[in-house]
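A.B. asks: Task: produce atomic coordinates for the following.
(one chain, ligands or ions: 1)
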Amino acid sequence: MREGELIVSKTDLKGRITYGNRAFNHYSGFTERELLGKQHNIVRHPDMPRAVFQLLWDRLKAGQEVFAFVKNIAKSGSFYWVFANVTPSYDAQGKLLGYFSVRRKPNPAAIAVIQPLYRKMLQVEKDARTQDAIAASTQLMLDALAAQNVSYDDFVRNLQN
Ligand SMILES: Cc1cc2nc3c(=O)[nH]c(=O)nc-3n(C[C@H](O)[C@H](O)[C@H](O)COP(=O)(O)O)c2cc1C
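C.D. replies: Residues are numbered from 1 along each chain as shown. A predicted model of the protein is given here:
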């Protein structure tokens with residue numbers, strides 16, 4: 001991504017895409033027609049550990065925002081890294097409408113830290129029994145954070161800034 005550029009998308013409560021800005025179309029390589037109504041995992045890259053999306057959905061379901069470094073896949077098969085902020089979105093009465101994501105260019109120094117961590121998490125997910133995979137991978141991440149005495153939120157914020 002270029003400096004200052006934002007990739008924006010919105011989903012309904014089930015994670016189906018309801019809006020994407022032009023940058024989203026551009027980087028994903030899909031047209032608006034191909035994206036609207038599709039599950040947001042249409043841009044999911046196989047290198048991404050499932051535990052990251054578990055964290056994302058846990059946060060969203062709890063009404064909280066989440067920041068995450070995400071490697072996405074384009075229609076062509078190429079990839080692009082983003083630093084994403086995903087939030088629940090509410091109407092004026094406070095009713096949950098869906099979810100909203102704004103992504104910016106990640107700090108390259110952050111990707112150098114995140115990539116090996118995600119690689120280890122993915123390996124753990126592959127090695128574990130299916131039903132234990134996400135828990136094992138989450139534990140690996142929590143252990144890495146504990147070793148640095150930092151919360152997940154501070155970890156990603158510090159990496160980006
Ligand atoms: C607003 C919003 C934005 C999302 N953006 C992405 C994204 O850019 N890339 C991605 O792989 N998953 C994204 N997700 C998560 C996907 O919905 C999905 O959980 C994830 O791709 C993992 O796929 P799976 O749930 O089929 O395992 C987003 C979810 C929401 C609600």
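A.B. asks: what residues does the chain put near the ligand?
C.D. replies: Where the chain comes near the ligand, counting by Cβ under 6 Å from any ligand atom, the residues are 9, 11, 15, 40-41, 43-44, 48, 50, 53, 56, 70, 72, 86, 99-101. C-beta: built from backbone N, CA, C; applies to glycine.
A.B. asks: Just the buried positions in the strand ranked longest in the chain, please.
C.D. replies: When secondary structure is assigned using DSSP state E, the longest strand within the chain turns out to be strand 79-90. When burial is assessed from 16 or more other Cβ atoms under 10 Å, strand 79-90 yields the following buried residues: Tyr80, Trp81, Val82, Phe83, Ala84, Asn85, Val86, Thr87, Pro88.
A.B. asks: Contacts made by the helix or strand just after that strand with the rest, please.
C.D. replies: For strand 79-90, the succeeding helix or strand toward the C-terminus, using DSSP states H and E, is strand 96-104. By Cβ atoms under 8 Å, 6 or more residues apart in numbering, the list of residues contacting strand 96-104 from outside reads 1, 5-13, 15, 18, 60, 63, 70, 82-91.
A.B. asks: still on that earlier bit, among the residues of the chain next to the ligand, name the buried ones.
C.D. replies: Applying the neighbour count, that is 16+ other Cβ under 10 Å, the buried entries in the residues of the chain next to the ligand are 9, 11, 15, 40, 43, 48, 53, 56, 70, 72, 86, 99-101.
A.B. asks: Going along the chain, name the helices of the protein.
C.D. replies: Secondary structure of the chain, counting by DSSP state H: helices at 22-28, 32-35, 50-61, 108-127, 130-147, 152-160.
A.B. asks: tell me the mean pLDDT over the longest one?
C.D. replies: What that stands for is helix 108-127. Per-residue confidence for helix 108-127 averages out to 97 on the pLDDT scale.
A.B. asks: Does that helix pack against any helices or strands, and if so which?
C.D. replies: Judged by 3 or more Cβ pairs under 8 Å, 6 or more residues apart in numbering; DSSP states H and E, helix 108-127 is in contact with helix 50-61, strand 66-73, helix 130-147, helix 152-160.
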